[in-house]
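>>> sharing a sequence plus its predicted fold:
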Protein chains: 2
Amino acid sequence: MKKKIYVHVADDHKILIEGIIAVINTDKDIEIKDYSLTGQEVVDWFDKKGNKADVLILDITMPILDGFEVLRHFNKKQINQKVIILSSYDDIKIVQEMLSLGCNGYITKNNAGEHIVNAIKAVANGEQYFSEDIQKIVIKSFSGKFVLPGDSPEKSLIEALTEREIDVIRLISREYSSPEIADKLNLAVSTVDTYRKSLLKKLKVKNAVGLAMYAVKNKII
Amino acid sequence: MKKKIYVHVADDHKILIEGIIAVINTDKDIEIKDYSLTGQEVVDWFDKKGNKADVLILDITMPILDGFEVLRHFNKKQINQKVIILSSYDDIKIVQEMLSLGCNGYITKNNAGEHIVNAIKAVANGEQYFSEDIQKIVIKSFSGKFVLPGDSPEKSLIEALTEREIDVIRLISREYSSPEIADKLNLAVSTVDTYRKSLLKKLKVKNAVGLAMYAVKNKII
DNA sequence: TAGTCTCTCCCCCTTTTTGGGGAGAAGAAA
DNA sequence: TTTCTTCTCCCCAAAAAGGGGGAGAGACTA
């Protein structure tokens, strides 16, 4: 017989917890260990000796301590707790923050029912699990460009760059050297160097790093 | 009756194209318009008046022009062509580059059969489509760098950087040269170069631009 | 105590970048 | 027609970056 997966659920709405328990009870490999209604309760429960769960289902908005604080607590105490975020937020910033705090899964409440059991099993098994809508926004944000902290895309000189210069700055930003760029664009290395020089002058930056940063800021990579 | 989805396939291996056609022909909503064996053929085909396809299935490694070049061509000509990358590469760098070039889907060849029809329908419908393995590595690369100490499989890269290395990568990202960094940190230039080298090795990037990009992505600048 | 990690510096060498200059061809604009 | 921009390539030289390697001091840790 397979080993049971023990789960702790934390959400400030009792009714939602009951719903989750009902869904999970349909699967005999999973068992709810206990539940919490606030972040503080979660922290206290896991701090108490003998209390542990394979997977913690965690809401974000909770009184006293929210989901972020709970994860920060685990990180600070170096507790390696597997956590699935169950949230109504599908905002990329929140997802990103949760990922950076080390959550193992993220599912949204509007399609929790179909995902929760699979998510628990995957995460208990050491995998990550994200519902489709979350996968989508993560990938979307990935294909969008990176934004540097605290800078607005300045009066873009970008119009002042010629087509070829844009070709070159793009490849520089992707870590290519001049010989490699020359090869890709079918140009002489000396020509690529000419573009490098004119780019440095036009954009008033010191080196290739400055060019790459400019490309990032102005979303031309 | 539903409108047919017209597809153009590009791969330098005829046999693979034949396989794809065979799979697609099982679905009566999709029709192969034509195919190309090189990137140049793709570009020429789409440039030719009257030729158009709802979705382009595109291989990366092809003679004359590769998949990257084909997408760059579309971007340069401001052609809004829906593209699904069909590749044997599941390297995050390549996926990332393709995403930034605006591809609408990415599936790997080893599980193309089960995905290709759904991918085509999704992309034709304006959605994005990525096979599970690609979704996984994208999300992993998104979260992987942030995984916290004591946690999870491998140690996070950012945690693996020493204090001094972070000092150096920060200054590199601000366009400082090694002599300048040495001056600012009161070190010998050779010491700064040692840090540069260990950073390049640890972060698996090619040059200072790669270091700066890493710093931006991981918000350590 | 022995081992590992970090910080520091050095040697060698090759490749690349940066900085200065010039210049021809094509095309568009004045 | 002349002028301007863009694209292309070249020369030279100095500075910087990249790629090996080694090595000592100090601190932490198994």
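Done, it's in.

>>> CA atoms for contacts and neighbours, from now on please.
Will do.

>>> what about the helices in chain A?
A:14-24, A:39-47, A:67-76, A:92-100, A:112-124, A:132-143, A:163-173, A:178-185, A:189-203, A:208-217 (DSSP state H).

>>> flag every buried residue along stretch A:81-92.
Across stretch A:81-92, burial judged by 16 or more other C-alpha atoms under 10 Å in any protein chain shown covers A:81, A:82, A:83, A:84, A:85, A:86, A:87, A:89, A:90, A:92.

>>> what pLDDT does the first one get?
In this model, residue A:81 is scored at 86, pLDDT.

>>> let me see the contact set for it.
A:54, A:55, A:56, A:74 (C-alpha atoms under 8 Å, 6 or more residues apart in numbering or on different chains).

>>> for the second one, same thing?
Residues in contact with residue A:82, defined by C-alpha under 8 Å, 6+ apart, are A:54, A:55, A:56, A:103, A:104, A:123, A:124.

>>> equivalent analysis for residue A:30, please.
Contacts of residue A:30 (C-alpha under 8 Å, 6+ apart): A:4, A:5, A:6, A:7, A:24.

>>> quick check on the residues you listed: which are buried?
By neighbour count, with 16+ other C-alpha under 10 Å, these hold A:5, A:6, A:7, A:24 as buried.

>>> let me have these in a markdown table, extended by pLDDT and distance to DNA strand C.
Below are the buried ones among the contacts of residue A:30 laid out as a markdown table (pLDDT from 0 to 100; distance: C-alpha to the nearest atom of the strand, whole Å):
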| residue | pLDDT | distance to DNA strand C |
| --- | --- | --- |
| A:5 | 90 | 34 |
| A:6 | 92 | 35 |
| A:7 | 92 | 35 |
| A:24 | 87 | 43 |
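
>>> so of those, which ones are in strands?
If you go by DSSP state E, these have A:5, A:6, A:7 in strands.

>>> just give me the closest of those residues to residue B:39.
Of all these, residue A:5 has the smallest distance to residue B:39: 50.8 Å, by C-alpha to C-alpha.

>>> so the closest one sits against residue A:124, correct?
Yes - under the criterion of C-alpha atoms under 8 Å, residue A:5 is in contact with residue A:124, at a separation of 7.1 Å.

>>> what is in contact with the two at once?
Taking C-alpha under 8 Å, 6+ apart as the contact rule, residue A:5 and residue A:124 both touch A:54, A:55.

>>> most packed of the helices of chain A?
helix A:208-217 (a mean of 22; mean count of other C-alpha atoms under 10 Å in any protein chain shown).

>>> packing partners for that one?
Helices and strands touching helix A:208-217, by 3 or more C-alpha pairs under 8 Å, 6 or more residues apart in numbering or on different chains; DSSP states H and E, are helix A:163-173, helix A:189-203, helix B:163-173, helix B:208-217.

>>> so that helix, near DNA strand C or not?
Yes - using C-alpha under 7 Å from any atom of the strand, we find that helix A:208-217 touches DNA strand C at A:208, A:209.

>>> off-centre distance for that helix?
A distance of 24 Å separates the centroid of the chain from that of helix A:208-217, by C-alpha atoms, centre = their mean, to the nearest Å.

>>> C-alpha coordinates for it, CSV please?
C-alpha atoms of helix A:208-217 as CSV (Å, rounded to 0.1, in the frame of the first residue of the first chain):
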residue,chain,number,x,y,z
ALA,A,208,28.7,46.6,-24.3
VAL,A,209,27.0,46.3,-20.9
GLY,A,210,25.7,49.8,-21.4
LEU,A,211,24.3,48.8,-24.8
ALA,A,212,22.6,45.7,-23.4
MET,A,213,21.1,47.8,-20.6
TYR,A,214,19.8,50.3,-23.0
ALA,A,215,18.3,47.5,-25.1
VAL,A,216,16.6,46.1,-22.0
LYS,A,217,15.2,49.5,-20.9
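
>>> burial measure for residue A:28, as a count.
Residues near residue A:28, counting by other C-alpha atoms under 10 Å in any protein chain shown, number 10.

>>> OK, contacts around it?
Taking C-alpha under 8 Å, 6+ apart as the test, what residue A:28 contacts is residue A:4.

>>> gap between it and chain B?
Distance, residue A:28 to chain B, using C-alpha to the nearest C-alpha, to the nearest Å: 27 Å.

>>> and that residue, what pLDDT?
So residue A:28 comes in at 86 (pLDDT).

>>> what's the answer for residue A:148, then?
Each residue has a pLDDT score; the one for residue A:148 is 43.

>>> re the thing from before, check the contacts of residue A:81 against chain B and report the nearest one.
residue A:74 (10.0 Å; C-alpha to the nearest C-alpha).
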